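1. next come a sequence and a model predicted from it.
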Amino acid sequence: MACEAFIEYRPQAATRRIINQANAIIAQYLDQGLKLTLRQLFYQFVARALLENVFRNYKRLGWIVASARDGGLIDWGAMEDRTREVHTHSAWDDPSAMIRTAAYSYAENLWRNQRYRPEVWIEKSALLGVVEGVCDEWRVPYFATVGNSSQTLLHEAGRRFADYLDQGLIALVLHFADHDPNGIDMTRDVRERLAFYTRADIEVRRIALTMEQVSTRRRRTSPRKPIPATPLTSSNSAQPIAGNWTRCRRPSSTI
């Protein structure tokens, strides 16, 4: 897909500069075969100290990007919305076309003779594209918990993992979440509730983010989401919480 103009858009110099910066960031990720969401793009602006991480800047960037796309200044195929999709129906011109499709989609079970049954669970749907490539390559199930996992998903996982255990297999969850109070607690929540519905302990291995990773990369602290410029505090204390990092700000190659 390419740029397509629906309106005549002539941004001022300051806005044009933001559009150019956005296109540079987008191009960097497209070179890796990745598309950004608006939130991911915003966090890249924050990580590069191009914008302050406050809600008004997030809204302003959204307006600029929308106008630039309508005005033919940002490629329509360069960004994506993972929260909304059109459900279509498969159809073929003739039976032979369906057979060719089936042949193309044929894939053997790489884990058939393996003891482990890993799954990748990631906190944010916006980051599914980051793990999608390697998970598809090795045919590892993956999904976004979108915050804390729902009761339904955990129950389904519990039944799935219980079946693995009955076969003498080892179930394993590779968990990705932000290094903030909520994100750290999500790993505990998954571990405890998954054990409850599986009726057995399941290893939940936290892959990211960890304090060691944050210290190594020396990322600056930042609120997890674009919010008003006020300190983030705990529910039990008026003191600001230190050490809030988000994976959206990390380069995809790092993740």
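-> Here it is on my side, so go on.
2. and the protein, what are its domains?
-> 13-78, 109-249 (automatic domain parsing).
3. rank those by pLDDT, which is bottom?
-> Of all those, the minimum mean pLDDT falls on domain 109-249 (a mean of 82).
4. how distant is that domain from the center of its chain?
-> 11 Å (C-alpha atoms, centre = their mean, to the nearest Å).
5. quick one: the helices in the stretch 101-250 of the chain?
-> 128-138, 151-166, 181-198, 211-217 (DSSP state H, counting those that start in this stretch).
6. how close does residue 71 sit to residue 11?
-> 8 Å (C-beta to C-beta, to the nearest Å). Where you see a C-beta, it was placed from the backbone N, CA and C, and this is true even at glycine.
7. more crowded one of these two?
-> residue 71 (18 against 15; other C-beta atoms under 10 Å).
8. got a list of what that one touches?
-> 5, 6, 7, 8, 9, 10, 11 (C-beta atoms under 8 Å, 6 or more residues apart in numbering).
9. which two from those residues end up farthest apart in space?
-> 6 and 11 (15.1 Å; C-beta to C-beta).
10. about what we covered before: can I get the domains of the chain in JSON lines with distance to residue 86?
-> Listed next are those as JSON lines, based on distance: least, C-beta to C-beta, whole Å:
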{"stretch": "domain 13-78", "distance to residue 86": "15"}
{"stretch": "domain 109-249", "distance to residue 86": "17"}
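11. what about residue 42, neighbour count?
-> For residue 42, using other C-beta under 10 Å, the count is 26.
12. pick the most deeply packed of the helices of the stretch 101-250 of the chain.
-> helix 181-198 (a mean of 17; mean count of other C-beta atoms under 10 Å).
13. packing partners of that one?
-> helix 151-166, strand 170-176, strand 203-208 (3 or more C-beta pairs under 8 Å, 6 or more residues apart in numbering; DSSP states H and E).
14. among these, which is nearest residue 50?
-> Here strand 203-208 is closest among the helices and strands packed on helix 181-198 (C-beta to C-beta), at 24.2 Å.
15. what does that closest one contact?
-> By C-beta under 8 Å, 6+ apart, strand 203-208 touches 170-177, 187, 190-191, 194, 247, 255.
16. quick one: buried ones out of the residues you listed?
-> 171-177, 187, 190-191, 194, 247, 255 (16 or more other C-beta atoms under 10 Å).
17. quick one: which of those residues is nearest to residue 142?
-> residue 174 (8.8 Å).
18. mind checking how far the closest residue to residue 134 other than its chain neighbours is from residue 116?
-> With sequence-adjacent residues excluded and distances taken as C-beta to C-beta, 6 or more residues apart in numbering, residue 134 is closest to residue 140, at 7.8 Å. Distance from residue 140 to residue 116, counting by C-beta to C-beta: 10 Å.
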